[in-house]
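Colleague: I would like to see how this sequence folds:
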Amino acid sequence: MFENGFPMSLRGEVEKVISVMSKVTYNGVFPGVSDDRPEDEEYVLSDGTRISFPYRIYYLDDNAAYAELSDIEKLIYDCIYTRSCDGRVREKHIRSILAADFPEWCFPYILKLSSEYVVEILSVIYDALKERDNSDLWTFSRENPEMLQLAYRRMVSYWNEFYRKECPMFKDYVGRRLFKECLATKTNLEKIH
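Modeller: I've put the predicted structure just below:
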């Protein structure tokens, strides 16, 4: 299942990460992975590699195992744990990704997390990307228009449900700024509105 979230060229590194990941789950959840991910959530990298991953994982984050990994393995681990059921764990690992010179295969994880409901995580992503040259992310978004549109609509829905009262002007919402300024070009998002 995690193997589908990374290019084949990283198979050995992914297997290493899986081997050191904790097998202990939050509250004994079995099998430790959510299977409610819509089947149409698949991202395509520039080389044609298709990426898909679980909606949520319930494995505990193991700092000892993380310390033993190479830099590439740490990025793989970070990507996997952006899908954690614990928002603090998701935030910790997206911060690690954003602090690195992250490769294209991290983009689906960044986009997916950008569509979710924890405004503090959206702020972390926005703050990290707002000063960056995001042309690579724009290209990725242009090559994945359905996923960009789905992510944007999901973000709007969460704003409407949870943050509209405290941020009544959608144009001021950090999620909108994240998409408009960092994740997509105007052309990419015009198809949404």
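
Colleague: just checking, Ile76 touches Glu3?
Modeller: No - using Cβ atoms under 8 Å, Ile76 is not in contact with Glu3; the gap is 10.5 Å. All C-beta atoms are positioned from the backbone trio N, CA, C, and that covers glycine.

Colleague: of those two, which one has the most company?
Modeller: Ile76 (23 against 12; other Cβ atoms under 10 Å).

Colleague: show me where the chain has its helices.
Modeller: Ranges of helices within the chain are 11-20, 63-67, 71-81, 87-99, 107-114, 119-129, 135-143, 145-158, 174-177, 186-190, based on DSSP state H.

Colleague: by contact count, what packs against the third one?
Modeller: For helix 71-81, the packing partners by 3 or more Cβ pairs under 8 Å, 6 or more residues apart in numbering; DSSP states H and E come out as helix 11-20, helix 63-67, helix 87-99.

Colleague: let's have those in CSV, adding distance to Ala128.
Modeller: Listed next are the helices and strands packed on helix 71-81 as CSV, based on distance: least, Cβ to Cβ, whole Å:
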stretch, distance to Ala128
helix 11-20, 23
helix 63-67, 20
helix 87-99, 4
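
Colleague: which among those helices is found nearest to Arg142?
Modeller: Closest of those to Arg142 is helix 87-99, at 21.2 Å (criterion: Cβ to Cβ).

Colleague: list of residues touching that closest one?
Modeller: For helix 87-99, contacts defined as Cβ atoms under 8 Å, 6 or more residues apart in numbering pick out 61, 74-75, 77-79, 81-84, 106, 109-110, 113, 118, 120-121, 124-125, 128-129.
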